[in-house]
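# need a structure here:
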Amino acid sequence: MKRNVKSVFKFLALAGATAAVTVLLFRLIRNPDITRHATLIQRENGPLPVAPEDSDDFNKVDNTKIDWHDYELVKKDSMRKGVGEQGKPAHLTVAELEGYDELYKVNGFNAALSDKIAIDRALPDIRHKGCQAKKYLKKLGTVSVIVPFHNEHWSTLLRTAHSVINRSPPHLLKEVILVDDFSSKEMMKALEKINSQ
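Here you go, the predicted model:
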């Protein structure tokens, strides 16, 4: 038992000495380089950068939060009726089924019905009640929304763009960029002509 206790103390003493020597060596070797490097940076590029929380401007940020909801639009949308409005299921009549199969083969979904739904259709607010009451910063940066697409059906592409534009605060939305990922549909080539003008 005594032998084990002595071994443990020797091990702890050796580990402590190793750690102390390592720390001292790193302080002696690394500090002069860091100081010299920092001085060079300061001389070449002006003063060293300051961490945001250490700067005077950090405390001047406006953290005011506001309710960004457009209640007038929400009320107006809640009253809309029509095919696909409020996200309700819709169906084609027998007379409208002409061309359905061809569009379904090309798109993989019911594009004939998509063409019947309004481009700016109203959607229900399906968020949790806690999310509906959430407030966001008053001062936010602008955004660019990029929508990549490949052989997308025209009505769904337009509906996506309209949804972004209609449901974003106007001063926050800088642009909506539609990126054609080498579509082969003729309709998409027309979009290229429009964009080039």
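
# just for the protein, where's the confidence low?
Where the chain drops to pLDDT under 70, the residues are 1-2, 30-60, 188-197.

# now do the strands in the chain.
Secondary structure of the chain (DSSP state E): strands located at 65-66, 136-137, 143-149, 173-180.

# what would those strands look like in JSON lines with distance to residue 96 and mean neighbour count?
Any C-beta I mention is one placed from the backbone N, CA and C, and that applies to glycine too. As requested, the strands of the chain are exported to JSON lines (distance: least, CB to CB, whole Å; neighbours: other CB atoms under 10 Å):
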{"stretch": "strand 65-66", "distance to residue 96": "45", "mean neighbour count": "10"}
{"stretch": "strand 136-137", "distance to residue 96": "42", "mean neighbour count": "12"}
{"stretch": "strand 143-149", "distance to residue 96": "25", "mean neighbour count": "13"}
{"stretch": "strand 173-180", "distance to residue 96": "28", "mean neighbour count": "14"}
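
# want to throw those strands into TSV with distance to residue 14?
Formatted as TSV, the strands of the chain follow (distance: least, CB to CB, whole Å):
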stretch	distance to residue 14
strand 65-66	57
strand 136-137	56
strand 143-149	59
strand 173-180	63
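
# of those, which approaches residue 106 most closely?
Of all the strands of the chain, strand 143-149 sits nearest to residue 106, with 14.2 Å by CB to CB.

# for that closest one, packing partners?
Counting contacts by 3 or more CB pairs under 8 Å, 6 or more residues apart in numbering; DSSP states H and E, strand 143-149 packs against helix 154-166, strand 173-180.

# out of the strands of the chain, the one nearest residue 110 is which?
Closest to residue 110 of the strands of the chain is strand 143-149 (CB to CB; 18.2 Å).

# now the helices and strands packed on strand 143-149 as JSON lines including distance to residue 146?
Shown next, in JSON lines, are the helices and strands packed on strand 143-149 (distance: least, CB to CB, whole Å):
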{"stretch": "helix 154-166", "distance to residue 146": "10"}
{"stretch": "strand 173-180", "distance to residue 146": "5"}
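
# out of the strands of the chain, flag the one nearest residue 10.
Taking CB to CB, strand 136-137 is the member of those nearest to residue 10, at 59.9 Å.

# quick one on the thing from earlier: so which of the strands of the chain is nearest residue 114?
strand 143-149 (14.1 Å).

# report the inter-axis angle for the closest one versus helix 154-166.
Interaxial angle, strand 143-149 versus helix 154-166 (axes from the mean of the first three to the mean of the last three CA atoms, to 10 degrees): 170 degrees.

# strand partners (parallel or antiparallel) of strand 143-149?
strand 173-180 (parallel) (DSSP bridges).

# mind exporting the strand it pairs with as CSV, just the C-alpha atoms?
These are the backbone C-alpha positions of strand 173-180, laid out as CSV (Å, rounded to 0.1, in the frame of the first residue of the first chain):
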residue,chain,number,x,y,z
LEU,A,173,-36.8,43.4,-49.6
LYS,A,174,-34.0,44.6,-51.9
GLU,A,175,-34.7,42.3,-54.8
VAL,A,176,-36.0,38.9,-55.9
ILE,A,177,-33.6,37.1,-58.1
LEU,A,178,-34.9,34.2,-60.3
VAL,A,179,-32.0,32.0,-61.3
ASP,A,180,-32.7,29.7,-64.2
